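[1] Quick one, what's the 3D model for this:
(one chain, ligands or ions: 2)
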Amino acid sequence: MVNSLHGLRAGFLLILALLAGCSNPPPPIAVSGVAFYSMRWQVQVAELPNGMTATALQKQMQARLDAANAVLSTYQTDTELMRLNAAPLQTWQPVSPLLGRTLQRALQVSEATDGRYDVTVGPLVDLWGFGAESKPRRVPSDSDIAQARSRMGWRNVALSVNADRVMKQRAVTMDLSSVGEGAGVDDLAATLEALGIQDYLVGIAGSLRAQGKRPDGQAWRLAIEQPDGSGRPLQVLNLPSGAAISTSGSYRNYFEENGVRYSHTIDPATGRPIQHRGVSVTVVSPDARDDTLADAWATALNVLGPDKGLALAEKRGLAAYFVERSDQGFNTRYSTAFAPFLKP
Ligand code: ADP
Ligand code: MG
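    Ligands and ions are numbered 1, 2, ... in the order given. Purely as a prediction, here's the structure:
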């Protein structure tokens, strides 16, 4: 029974606090801030390393995320990714470990979904008004959509085997907004482990990783949120320590025109925002400790929608949980691999 929430919402995921009946266990040490302009990050640890204050931990985490932003963001022109987008074609460009690692995951999922997730989605994201330029959000013309689609294609991005160099065959605009949260979580988790911290929870918007135990000796507990924004749990989860989990959804960032809702998740097959009944997708990473991969898959399955997305998850043995609109309200469906993560 869940009777107490920590009041923390992580974009479709909740971090649950106490179990019913627990008497005053010590709370975790919690620090937080804002990453990638608008996303709330938080770190909870059971205890701090000797001599470290919570303020010092907060500063160190914030500095890591500011550095990740300077690599991955497309919202400012001077990031490493934007320099790569502007770099000459058909020459190998060196990339940092963070950019190489993140691109590797994004390209892997681009390939696995035959481009329904596509790391070169940039022109479409900009065209629909979800990019860095604050242009009005309106439905573009068919010819503009066709033009933007013609400038896409993940196959034009080659990554060296060591993920340390990139070559573009054609002029493409890479967009890693769909995996920034997961990449940030992976970076913070690695930083915490380097500090010798074994018991922690890291969350950035919809990506989370919980490792070890809370100070009261119990496992960290997460839940998928009701899709009504109430902050109530829809499904409590039972995750192994260190499991990377990420959600993607279409009910937060969208615009409406003539009664139709256009979300920031765009299907490269049509060049238009997704229109299916899916509300959110939650993925537990197939590789432990890889929130970047979980985050890419969550967006990818959100593009595909509950029917095709669930079929692909089943085929690949991926753990995925879908919430979809139904005539009665909401429906949930999940793949076989997700079943062990549901708390009865
Ligand atoms: P949320 O943070 O709401 O869960 P996502 O993680 O799914 O969102 O990321 C959405 C972002 O991904 C969009 O704002 C856009 O920049 C990018 N994007 C949109 N469509 C695609 C796509 N088909 N493939 C890859 N990235 C996409
Ligand atoms: Mg994502």
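
[2] near ligand 1, which residues of the protein show up?
    Residues of the chain found near ligand 1 (Cβ under 6 Å from any ligand atom) are 117-118, 121, 125, 130, 175, 177-178, 205-206, 248-249, 252-253, 264-266, 268, 295, 299, 302-303. Where you see a C-beta, it was placed from the backbone N, CA and C, and this is true even at glycine.

[3] Drop anything exposed from the residues you listed.
    Buried members of those, counted by 16 or more other Cβ atoms under 10 Å: 117-118, 121, 125, 130, 175, 177-178, 205-206, 248-249, 264-266, 268, 295, 299, 302-303.

[4] Now the residue nearest to the spatial centre of the chain. Nearest residue, chain neighbours left out?
    Central residue check for the chain by Cα atoms, centre = their mean: the C-alpha nearest the mean position is that of Asp295, 3.5 Å away. Leaving aside its sequence neighbours, Asp295 sits nearest to Gly182 (Cβ to Cβ, 6 or more residues apart in numbering; 2.8 Å).

[5] my guess is the residue nearest to the centre of the chain contacts Thr282, does it?
    No. Between Asp295 and Thr282 there is no contact under Cβ atoms under 8 Å: 11.0 Å.

[6] Quick check: neighbours shared by these two?
    Ser246 (Cβ atoms under 8 Å, 6 or more residues apart in numbering).

[7] Now for the residue nearest to Asp295, how many residues are close by?
    Per other Cβ atoms under 10 Å, the neighbour tally for Gly182 reads 33.

[8] and the gap between it and Ala269?
    For Gly182, the distance to Ala269 equals 24 Å [Cβ to Cβ, to the nearest Å].

[9] Thr299 is in contact with His264, isn't it?
    No. In this structure Thr299 lies outside contact range of His264 using Cβ under 8 Å: 10.0 Å.

[10] Go ahead and name everything in contact with stretch 68-78.
    35-37, 79-82, 85, 96, 98-99, 102, 122, 131-132, 173, 175-177, 179-180, 183-184, 187.

[11] Mark which of those are part of strands, please.
    Ala35 (DSSP state E).

[12] List buried members of the contacts of stretch 68-78 by neighbour count.
    35-36, 79-82, 85, 98-99, 102, 122, 131-132, 173, 175-177, 179-180, 183-184, 187.

[13] so which of the residues you listed also contact ligand 2?
    By Cβ under 5 Å from the ion, no member of the buried ones among the contacts of stretch 68-78 lies near ligand 2.

[14] Let me see the mean pLDDT of the helix ranked longest in the chain.
    If each helix of the chain is counted by residues according to DSSP state H, the longest one is helix 291-316. For helix 291-316, the per-residue pLDDT values average out at 97.
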